[in-house]
Every structure is written in structure tokens, then in C-alpha cells.
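Asker: this one's sequence-less:
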Ligand code: NI
Ligand code: MN
């Protein structure tokens, strides 16, 4: 699988010839100003919850790519009212087989109000199983015990976890999350974008290392093979 980071909690994963884009928030992100969103390929856009810093560029990228939107029922319905009809609604605990693999929408402990104040359902994360490997994107979340359910069913190759603290898990809790979901490779997201979530990257990598977990922090625009 090919992982490309687009800043904040936005990234794409290429599985076979399908590109999955997660939580697009690029044009409002000063740190991602060198990313030209018209060049981003997406067959699917997966949205973890309704907050602006996870949905800002959904419409633009749907328009440029024709991608299918996957999110919780409320987020999908809100976008349908705005003209995005090619979508797939889910809710917690549910799985669906797509042409790239299986998606399960799982719990996150957070909030999900949409930018206009509409209810965005409950926030979630995604477990993706595919012929090329399995991974977990936690979305925005606190550390929670339901993470321990994931490895009972899925052997993960890596996890994408928020590490910025204040609005989500910080580094210490993300290290425990890696233990809960049984991964030794983590890609950290949701850090450094705003003042509240600035971190010391070297200290974070060291802290994960001490706990025998590799923390990867790809640069914005960087692609890594996993
Ligand atoms: Ni959020
Ligand atoms: Mn967020």
C-alpha cells in the first residue's frame, strides 16, 4: 500500500489501483499550501466525522475526481443535501465490502457537529481490510477500551493515530492505543496544524521507540510504501 500525507489528518492510501482519501482538509491548512488539490486522485473519500478540519475539501475533490463519499449516515445525508449523491452511509459496528476491500466503521470518543451546526452523527474511525494489508484510522478520538476489540478480528499492519493532544489523544495515550490495537507501526496525524496541537516530533518518536513502536511522521506531500 502507498500512503501519502496531505497534512493534519488528511492522507490517501492506494490499494491496488484504487485511491482512498481520508478527511480532506488541505486548502485551509497553511502548512499544506504547496499541495495542489486538483492533482489529488481519489476513488473514495472516507470522512471520520463532521468537523471542518476533516471535511473542508470534500466537495472540491468530489467534483474534480467523482469519488464516492463514505461516512456515517448523518454526514453523508448532510452532503447529499449539498448535491453529493454518490455516497455510502455507514454506522458504528457495520462493515461493507467495496471493490478495494472491507471497511468497518468503528467507535471514536469525540464530537461531530457539522460546520453549520447540523448534527454530524457520532464520530468514528475506520478499519480497512484488503488483499494488500489491513490498517486502522482512529479519526479524532480519545484513547478508549473499544480499541481492544479491533485485533480480535483484524490483524493490522499499521495504524494512523492522532497524536496532537488537547482535542484528541496525545503521545502517551497513542502509545497505549498502539498496544490496544496490536501494531508496531504508527503514522501520527492531527498535530502541529494549530497552536493547541503543536508537538515535539523528536520526543514523540523517541517515546514510541521506547515502547517498541515505530512512529512515522511523513512530511506533507510525502509518499511512503507500507
Ligand atoms: Ni474533530
Ligand atoms: Mn480534528
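Answerer: Here it is on my side, so go on. Small disclaimer: the values here were computed from a predicted structure and weren't measured. Ligands and ions are numbered 1, 2, ... in the order given.

Asker: okay, now the unreliable bits of the chain?
Answerer: For the chain, applying pLDDT under 70 flags no range at all.

Asker: ligand 1 contacts on that one?
Answerer: Proximity of the chain to ligand 1 (CB under 5 Å from the ion) is limited to residues 51, 140. Where C-beta positions appear, they are placed from N, C-alpha and C, glycine not excepted.

Asker: which parts of this structure are helices?
Answerer: For the chain, applying DSSP state H gives helices covering 52-55, 58-65, 73-81, 150-153, 171-181, 201-210.

Asker: nearest to ligand 2, out of those?
Answerer: Proximity to ligand 2 (CB to the ion) singles out helix 52-55 among the helices of the chain, at 4.3 Å.

Asker: report the buried residues of that closest one.
Answerer: Across helix 52-55, burial judged by 16 or more other CB atoms under 10 Å covers 53, 54, 55.

Asker: quick one on the thing from earlier: let me have the helices of the chain in a markdown table, adding distance to residue 103 as columns.
Answerer: Converted to a markdown table, the helices of the chain look like this (distance: least, CB to CB, whole Å):
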| stretch | distance to residue 103 |
| --- | --- |
| helix 52-55 | 16 |
| helix 58-65 | 17 |
| helix 73-81 | 13 |
| helix 150-153 | 13 |
| helix 171-181 | 16 |
| helix 201-210 | 27 |
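
Asker: need the ones you listed in JSON lines with distance to ligand 2, can you?
Answerer: Putting these into JSON lines (distance: least, CB to the ion, whole Å) gives the following:
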{"stretch": "helix 52-55", "distance to ligand 2": "4"}
{"stretch": "helix 58-65", "distance to ligand 2": "14"}
{"stretch": "helix 73-81", "distance to ligand 2": "14"}
{"stretch": "helix 150-153", "distance to ligand 2": "21"}
{"stretch": "helix 171-181", "distance to ligand 2": "14"}
{"stretch": "helix 201-210", "distance to ligand 2": "18"}
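
Asker: perfect, I'm done here.
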